[in-house]
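> let's see this in three dimensions:
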Amino acid sequence: MHALKIFVQFVLVADAQLTPLLRLGAGACAGIIAMSATYPMDMVRGRLTVQTEKSPYQYRGMFHALSTVLREEGFRALYKGWLPSVIGVVPYVGLNFAVYESLKDWLIKSKPFGLVEDNELGVVTRLACGAAAGTVGQTVAYPLDVIRRRMQMVGWNNASSIVTGDGRAKAPLEYTGMIDAFRKTVRHEGFRALYKGLVPNSVKVVPSIAIAFVTYEQVKELLGVEIRISD
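Reported below is the predicted structural model:
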């Protein structure tokens, strides 16, 4: 799903007539629309993934979680944490594009280690450029993803005991907004808490971005061949 979303963003900004700024804007808009359309599923997924066998309250599945959240917390609860997600789209997409294109340009111009032949990058080199871009983009935007996850738990009466997994009564998680969530997380857990789970998330996200970039490039080349033939 993540790789498909990023790939759609790239395809939407493939028009060569767009300036870099317009490409960034188009990619960000595409990402925001795609993310907003599927956000309730992401919110429910977040809650399902933190519950354990020891949790005092269990969602039985996706539809049970959706109906329970709607009944107990209202429709707006399905979009908790949406704002940091939207804010994170711009640096995430922008850095992915900027790092990927900059690396490509540098490699083609400098031709280090024999990685470039006839001003073309190979698939493995493109994968490496995509992986580097994904690493930078996801590292910069990751704190917003952590805050999004935290905010998704707000209003869930069982959230604290679900997260700890010990079933003991805890004070409910409460944030008044994104800034408050940032402040309380750093104050109580330190700055490193904003990067909890970065490594396993990178194992999933970075390869998907690299593959998406290479797929994008290959599709562009295929479409270019088809256009030249039809002309």
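> can you name the element that comes right after the least confident helix or strand in the chain by mean pLDDT?
Scoring the helices and strands of the chain by mean pLDDT, DSSP states H and E places helix 2-12 at the bottom, with a mean of 49. For helix 2-12, the following helix or strand on the C-terminal side (DSSP states H and E) is helix 20-50.
> tell me the angle whichever helix or strand comes after that following helix makes with helix 20-50.
Later in the chain than helix 20-50, the nearest helix or strand by DSSP H and E is helix 62-73. Comparing the axes of helix 62-73 and helix 20-50 via axes from the mean of the first three to the mean of the last three Cα atoms, to 10 degrees yields an angle of 90 degrees.
> show me which positions of helix 62-73 end up buried.
65-66, 68-69 (16 or more other Cβ atoms under 10 Å). From N, CA and C alone the C-beta is placed, and that goes for glycine too.
> tell me the one of those residues nearest Gly134?
Nearest to Gly134 among these, counting by Cβ to Cβ, is Ala65 at 29.4 Å.
> so where's the protein uncertain?
1-20, 23-24, 27, 52, 54-57, 113-119, 155-173, 224-231 (pLDDT under 70).
> which one's the longest helix in it?
helix 198-230 (DSSP state H).
> which SS state does Val154 fall under?
Under DSSP: H, G, I helix; E, B strand; the rest coil, Val154 falls in the coil class.
> that one contacts Met178, doesn't it?
No. Checked against Cβ atoms under 8 Å, the pair Val154 and Met178 is beyond contact range at 11.0 Å.
> could you name every residue contacting both of these two?
Shared contacts of Val154 and Met178 (Cβ atoms under 8 Å, 6 or more residues apart in numbering): none.
> format the buried residues of helix 62-73 as JSON lines; extra columns: distance to Pro91.
Listed next are the buried residues of helix 62-73 as JSON lines, based on distance: Cβ to Cβ, whole Å:
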{"residue": "Ala65", "distance to Pro91": "30"}
{"residue": "Leu66", "distance to Pro91": "30"}
{"residue": "Thr68", "distance to Pro91": "34"}
{"residue": "Val69", "distance to Pro91": "29"}
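> ok, which pair from those residues is furthest apart?
Leu66 and Thr68 (7.3 Å).
> distance of Met178 from Gln152?
Distance of Met178 to Gln152, given as Cβ to Cβ, to the nearest Å: 12 Å.
> between those two, tell me which one has more neighbours.
Gln152 (27 against 19; other Cβ atoms under 10 Å).
> please report the distance of that one from Gln138.
Applying Cβ to Cβ to Gln152 and Gln138 gives a distance of 19 Å.
> and if you look at Ala77?
Distance from Ala77 to Gln138, by Cβ to Cβ: 27 Å.
> these two - which one has more neighbours?
Using other Cβ under 10 Å, the more surrounded residue of Ala77 and Gln138 is Gln138, with 21 against 16.
> what sits against that one?
Per Cβ under 8 Å, 6+ apart, neighbours of Gln138: 92, 198, 201-202, 205-206, 209.
> please repeat the previous calculation with a cut-off of 6 Å.
Neighbouring residues of Gln138 by Cβ atoms under 6 Å, 6 or more residues apart in numbering: Val205.
> re the thing from before, for the longest helix of the chain, which positions count as buried?
198, 201-202, 205-206, 208-217.
> kindly report the same for stretch 181-195.
Those would be 181-182, 185, 194, for stretch 181-195 by 16+ other Cβ under 10 Å.
> just stretch 33-44 next, same as before
So for stretch 33-44, counting by 16+ other Cβ under 10 Å, buried means 34-35, 39-40, 42-44.
> what about Ala132, neighbour count?
18.
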